[in-house]
Every structure is written in C-alpha cells, then in structure tokens.
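K.L.:
I'd like to go over a predicted model; first the sequence, then the structure.
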Amino acid sequence: MENEAKMKEASCKYHMIGGDGPNSYAHNSVYQKELIVSAEDLTNQLINSHLDTNKPPFDPRNTFRIADLGCSVGPNTFFAVENIIKSIENKYKKPNQTTQNPNNNHQTPEFQVFFNDLVNNDFNTLFKNNPLTSKNNHFIAGVPGSFHSRLFPKESIHFAHCSTALHWLSRIPEEVRGSGSIAWNKGRVHYFGAREEVKEAYSVRYKKDMDDFLSFRARELVDGGLMVMVVLGFPDGVVASESSMGVAFGVLGSCFEDLAKMGKISGEKVDSFNLPFYYPSPSELKALIEANGMFDIVRIAKLAAPMRVKPDPQIVTAHLRAVIGELIEEHFGSDGISIDELFKLHLQKVTNSPELFDEKYWKETNYFVFLIRK
C-alpha cells in the first residue's frame, strides 16, 4: 500500500499546463492533433471489421462506454472521441450487418464517455469546452487517476483509447536520481545518450508500467472490447540520442546547466532532474503486449509523420513548455526558477541548433496499435 501511495503521489505531478492561455497545452498541441488525424482512417476501418455487435455486451439496448485515457485538456480528446463514436454508430447502422442478435435491428446505443487524466489535470477547462454535451445520446464524466492503476469496474468499458500518453512513466526510476547508484544520470535529463544502466532502469520501469496498463484495461474491458493506442517511439535499431528529440532534450539539459552556473538553480537539483518519458521500438511494444497475454494484436502500424516540415523554433519551445512546464516547476519550485527565463534561453538555443532542422535527425516515429480483449 505504501508503494502504491508513493506512485500515486509521484504520478499526480505529471500533467500538462491547463487553462486556455498562450502557454497552455490546449493551444500548443497541434502535433498531437495531427497524430489523431493520422490514426482516423485506421480506427474507422478496424472498428468496422472487428467490433462484434452480435456479442451480448454490445447489445444496442445497453449503454456503450468509451474511455479516453490521458485526455489532458483541449480539443484533441473530443476530436478523437467524436470520430470513434461516429465509426461505432456507422457499424450499428450497416444494412448488411449480420443480425444474429434479434435486438440489434440497426439500432444505435447511447454513449457514455469517460475522460481520464491525473487528478491535477484541468478538468474545468476541459468540460467547459466540451462539444459532446449538445448530443442527446452522449453522456460524459471525468475520471481522475493514473491509467497505470485501476479506474473502472470490471467488464464495464467497451472501447478504450489512449493517444500520445503512454510514453509517460508512472514515476521516474529511483536508480537514476541517487548519487550512490550505478545508474545515476548526472549531467543528463533523459536516458538518451546515457550509460546502459540508465537506459535499463527506464526500460524496467516502462515494462512494469505497460504491463499494469494492459492488465487493468483487460479487467475493465468487456469480452471482445477494443482498444486503440497511439504510441510515440523509435524504429528498431535507431539510436535515439541521434534524433531531433535527442537534440532537443540535450538543449534542455544545457539550459539547466547554464542556470545552475549562474546560481539561479541548484546544481544538485539539476543532477536529480530526469524526464519521465520512455519511447519503445515496435518490436519491444509487440513483445510487451504478447507477454501480458490478455489482448490479441490486430494491427501495429507506423503512422504518417505529422508536421514534417522545417520546425518553427517558437513552436518547438512552446510545445515543450506546455508539456513539461508544470513538471519543472514541481522539481525546481523551491529554487524559485523562472520558467519564462528558462524557455527564453531554450528558444535561443533551439534557434541555433541546426540538427533540429535537418531531416536526417527526424527519426522518432508514432505507432498505431489496435487490440481486442481476449
């Protein structure tokens, strides 16, 4: 129980910048939106071919329950959910639908949608801008909590969706934070380019988190329930430190070091700061799902790369601030760090980092995963 409490406490700190101001995630998540758009056609096709409306849990007289996990704040979650609902309604309405279930006469169910994120997520802003409330057969609810834990009653969810959130770890591996550990990640903010012990600590944490995520979703999904995941990662064999993301994380680390040299933040705090992100390869992802054993893999596909044009340094910096600004304030808060100063410095360095604008460094990839609960 104590370990679970610690995990929950750590996880609660990882949330995007809320509100609808210029630094908010709602205004700086175009990349994530483009990934949802990239996944739209595959989602539609696979719902059409694999949603078995003849199974008792999918009787249209029952409420169809959808969970968007790691919904954050802003319009992206609504765009994803509306597309899912439209695809499901089309499946129920299909004139050539086999009607082994006499109650399924092209009737569409009512929908209940659960928007999940951590307890500190800005649910107020999220629901204030929710377009689903205008639909007579759509009902919504917020579910605060970590998706690395149990969220719903058993066999209560028909469709789960999680886009660009599963690279977040439930907590930063303890081994990389302590000076007495062989995996101490001094001088870096991530495992990219670090010694093997650091990468292994991140990998072990990710394996545990992914297994927890899959196991809890398997308990919550009905028999034949579906799940879509969009996962950020790298192709097999790619050296992540030699990517634009690796360069960007290196730039962030150098900004912390500069502020420490100026005496504006603690060097000790810099050495203990690590980003809680892990990016799997497709073979690694497939192996983890198979090892869990609770889902059939229908498809793992590489998505079209969004925004593959010369990046705007201001957009790069604004996006990073929206994603990790709160995390940085949590870690360096007692030092009185100036987030504005940090990201002003970051923008200057990004502008002068030619690797970020060189296509040969654009190696990060996004994977679409479609699963069926066994």
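P.N.:
Nice, thanks for sending it over. Only a predicted model underlies this, so the values are computations on that prediction, with no experimental measurement involved.

K.L.:
Determine the number of other residues adjacent to the closest residue in space to residue 244 that isn't next to it in sequence.
P.N.:
Closest residue in space to residue 244, ignoring its immediate chain neighbours: residue 361 at 4.4 Å, by C-beta to C-beta, 6 or more residues apart in numbering. (Each C-beta comes from the backbone N, C-alpha and C, glycine too.) Residues lying near residue 361 (other C-beta atoms under 10 Å) number 18.

K.L.:
can I assume residue 311 sits in a helix?
P.N.:
No - note on residue 311: no helix contains this position according to DSSP: H, G, I helix; E, B strand; the rest coil, which reports coil.

K.L.:
Can you verify my assumption that it contacts residue 355?
P.N.:
No - the pair residue 311 / residue 355 is not scored as a contact, 11.1 Å apart, by C-beta atoms under 8 Å.

K.L.:
Between the two, which contacts overlap?
P.N.:
Listed as contacting both residue 311 and residue 355 by C-beta atoms under 8 Å, 6 or more residues apart in numbering are residue 244.

K.L.:
thinking again about what came up before, please list all residues in contact with the residue nearest to residue 244.
P.N.:
242-244, 246-247, 355.

K.L.:
From these, list just the buried residues.
P.N.:
Burial by neighbour count, 16 or more other C-beta atoms under 10 Å: within these this picks out 243-244, 246-247.

K.L.:
where exactly do the strands run in this structure?
P.N.:
With DSSP state E applied, the chain shows strands at 64-69, 111-117, 138-144, 157-163, 221-233, 295-302, 365-373, listed in chain order.

K.L.:
Please dump those strands into CSV; it should also carry mean pLDDT for every row.
P.N.:
Compiled in CSV, the strands of the chain are given as follows (pLDDT from 0 to 100):
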stretch, mean pLDDT
strand 64-69, 98
strand 111-117, 97
strand 138-144, 95
strand 157-163, 98
strand 221-233, 97
strand 295-302, 97
strand 365-373, 96
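
K.L.:
got CSV for those strands, with distance to residue 330 and mean neighbour count too?
P.N.:
Rendered in CSV, the data for the strands of the chain read as follows (distance: least, C-beta to C-beta, whole Å; neighbours: other C-beta atoms under 10 Å):
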stretch, distance to residue 330, mean neighbour count
strand 64-69, 22, 25
strand 111-117, 16, 23
strand 138-144, 17, 15
strand 157-163, 23, 25
strand 221-233, 22, 22
strand 295-302, 34, 15
strand 365-373, 27, 22
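
K.L.:
Mind putting those strands into CSV with distance to residue 339?
P.N.:
Putting these into CSV (distance: least, C-beta to C-beta, whole Å) gives the following:
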stretch, distance to residue 339
strand 64-69, 28
strand 111-117, 21
strand 138-144, 25
strand 157-163, 26
strand 221-233, 24
strand 295-302, 35
strand 365-373, 28
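
K.L.:
With residue 181 as the reference, name the closest of those.
P.N.:
Taking C-beta to C-beta as the measure, the strands of the chain were each checked against residue 181, and strand 221-233 came out nearest at 26.0 Å.

K.L.:
Please name every helix or strand in contact with the closest one.
P.N.:
In terms of contact count using 3 or more C-beta pairs under 8 Å, 6 or more residues apart in numbering; DSSP states H and E, strand 221-233 is assigned the packing partners helix 30-50, strand 157-163, helix 282-292, strand 365-373.

K.L.:
Redo those as JSON lines? Include distance to residue 139.
P.N.:
Supplementary listing: these in JSON lines, determined by distance: least, C-beta to C-beta, whole Å:
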{"stretch": "helix 30-50", "distance to residue 139": "20"}
{"stretch": "strand 157-163", "distance to residue 139": "14"}
{"stretch": "helix 282-292", "distance to residue 139": "31"}
{"stretch": "strand 365-373", "distance to residue 139": "23"}
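
K.L.:
right, and those - which one's nearest residue 301?
P.N.:
strand 365-373 (4.7 Å).

K.L.:
Show me how far the closest one is from its chain's centre.
P.N.:
Going by C-alpha atoms, centre = their mean, to the nearest Å, the spacing between the C-alpha centre of strand 365-373 and its chain's C-alpha centre is 13 Å.

K.L.:
what does it contact?
P.N.:
35, 38-39, 42-43, 46, 50, 164, 217-218, 221-235, 282, 285, 289, 294-303, 305-306.

K.L.:
mind listing what that strand pairs with, with the direction of each?
P.N.:
strand 221-233 (antiparallel), strand 295-302 (antiparallel) (DSSP bridges).

K.L.:
so where's the stretch 251-374 of the chain shaky on pLDDT?
P.N.:
Where the stretch 251-374 of the chain drops to pLDDT under 70, the residues are 306-310, 334-335.

K.L.:
Helices - which of the contacts of residue 361 land there?
P.N.:
Counting by DSSP state H, the contacts of residue 361 place 244, 246-247 in helices.

K.L.:
what residues are up against the residue lying closest to residue 273 once chain neighbours are set aside?
P.N.:
Taking C-beta to C-beta, 6+ apart as the measure, residue 273 lies nearest to residue 331, with 5.3 Å between them; neighbours along the chain are not counted. With contact taken as C-beta under 8 Å, 6+ apart, residue 331 is in contact with 269, 272-273.

K.L.:
From these, pick the one nearest residue 21.
P.N.:
If you rank these by distance to residue 21 using C-beta to C-beta, residue 273 comes first, at 24.8 Å.

K.L.:
For the closest one, list the residues it contacts.
P.N.:
Taking C-beta under 8 Å, 6+ apart as the criterion, residue 273 is in contact with 189, 256, 328, 331-332.
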